[in-house]
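> Sharing a model that was predicted from the sequence below.
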Amino acid sequence: GAVVSQHPSRVICKSGTSVKIECRSLDFQATTMFWYRQFPKKSLMLMATSNEGSKATYEQGVEKDKFLINHASLTLSTLTVTSAHPEDSSFYICSAQGGGRRGRSSYEQYFGPGTRLTVT
Amino acid sequence: GENVEQHPSTLSVQEGDSAVIKCTYSDSASNYFPWYKQELGKRPQLIIDIRSNVGEKKDQRIAVTLNKTAKHFSLHITETQPEDSAVYFCAATNSGYALNFGKGTSLLVTP
């Protein structure tokens, strides 16, 4: 099936620093990528929708200057958490949506393995 | 926007029994309803999905039903096994927009 990678899988950073998370679709071109945040034992909360070559669309309450998203190509989107604070500690997951490869629906979203961010 | 409600939040069944998880959605324009299984610390995995032009879909022990009029859809797992234990999320979306997830159901299958 479709493979989405995410890097790094875990990162620990100090308060005030910035962290970049990469999301790659390895065997298909992702027209759209989504970034989610998940707290322990909670559901996935959509942060933003990212389309290649255009600005990301952020959900209400998500600070676009704090969570910078760049979708440079059809296989790569990055999320940069700027000036991280302990409350930014969370599990960040991306998903990629591609168009109808191998007979699969273009609606399907494939998730990356997630990045566990800990801000000290 | 779309609002997806999921019940129950926790479900415990004995191995071999069936499990049913139900979701409702609010946006009549939603036309794609996937179900994801997430094991602890891992990514959500798509297990089955259904589009609005279909009322039921089955894949081995897993089935999903959709009632467009009532705006609800359900996941049915038959002959449950301990490895089915995980958190299950339903979602709804309109034609490729972002998924709106339910809050999840923690399923425990006891031997």
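Happy to help now that I have it. Numbering: from 1, shown residues only, chains lettered A, B, ... in the order given.
> give me the number of residues near residue 39?
Let's take chain A. A:Phe39: 11 surrounding residues under other CB atoms under 10 Å in any protein chain shown. The C-beta positions use only the backbone N, C-alpha and C, and glycine is treated the same way.
> nope, chain B please
12.
> burial count for residue 26?
No chain was given, so I picked chain A. When neighbours are defined as other CB under 10 Å, A:Leu26 has 11 of them.
> my bad, chain B
Using other CB under 10 Å, B:Ser26 is surrounded by 13 other residues.
> Does it touch B:Ala70 like I think?
No: assessed by CB atoms under 8 Å, B:Ser26 is found out of contact with B:Ala70, at 11.9 Å.
> Tell me the pLDDT of A:Phe39.
What the model reports for A:Phe39 is a pLDDT of 89.
> go on, the one 3 residues further on?
According to the per-residue confidence, A:Lys42 scores 88 in pLDDT.
> Looks like it contacts B:Gly102 (just checking).
No: using CB under 8 Å, A:Lys42 is not in contact with B:Gly102; the gap is 11.4 Å.
> and the two? which has more neighbours close in?
More crowded of A:Lys42 and B:Gly102, by other CB under 10 Å: B:Gly102, with 25 against 14.
> nearest spatial neighbour of the more buried one, skipping sequence neighbours?
Of all residues not flanking B:Gly102 in the chain, B:Gln6 sits nearest, at 2.8 Å (CB to CB, 6 or more residues apart in numbering or on different chains).
> For that neighbour, give me its contacts.
B:21-23, B:89-90, B:102-105 (CB atoms under 8 Å, 6 or more residues apart in numbering or on different chains).
> ok, 6 Å please
Contact partners of B:Gln6, counting by CB atoms under 6 Å, 6 or more residues apart in numbering or on different chains, are B:23, B:90, B:102-103.
> got it, and B:Gly104?
Residues in contact with B:Gly104, defined by CB under 6 Å, 6+ apart, are A:43, B:87, B:89.
> Sitting in strands, which of the contacts of B:Gln6 do you find?
Of the contacts of B:Gln6, the ones assigned to strands by DSSP state E are B:23, B:90.
> any idea of the mean pLDDT in stretch B:78-95?
Stretch B:78-95 comes out at a mean pLDDT of 94.
> Only alpha carbons, please: show it as PDB.
What follows is stretch B:78-95, C-alpha atoms only, in PDB (Å, rounded to 0.1, in the frame of the first residue of the first chain):
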ATOM      1  CA  THR B  78     -17.200 -10.400  14.100                       C
ATOM      2  CA  GLU B  79     -15.400 -13.200  15.800                       C
ATOM      3  CA  THR B  80     -13.200 -10.800  17.700                       C
ATOM      4  CA  GLN B  81      -9.600 -11.700  18.500                       C
ATOM      5  CA  PRO B  82      -7.200 -10.300  21.200                       C
ATOM      6  CA  GLU B  83      -5.200  -8.600  18.400                       C
ATOM      7  CA  ASP B  84      -8.300  -6.600  17.500                       C
ATOM      8  CA  SER B  85      -7.700  -4.700  20.800                       C
ATOM      9  CA  ALA B  86      -6.900  -1.100  19.800                       C
ATOM     10  CA  VAL B  87      -8.500   2.300  19.500                       C
ATOM     11  CA  TYR B  88     -10.800   2.700  16.600                       C
ATOM     12  CA  PHE B  89     -11.700   6.000  15.000                       C
ATOM     13  CA  CYS B  90     -14.400   6.800  12.600                       C
ATOM     14  CA  ALA B  91     -14.200   9.800  10.300                       C
ATOM     15  CA  ALA B  92     -16.200  11.700   7.800                       C
ATOM     16  CA  THR B  93     -15.300  14.000   5.000                       C
ATOM     17  CA  ASN B  94     -16.600  15.600   1.800                       C
ATOM     18  CA  SER B  95     -14.600  14.600  -1.300                       C
END
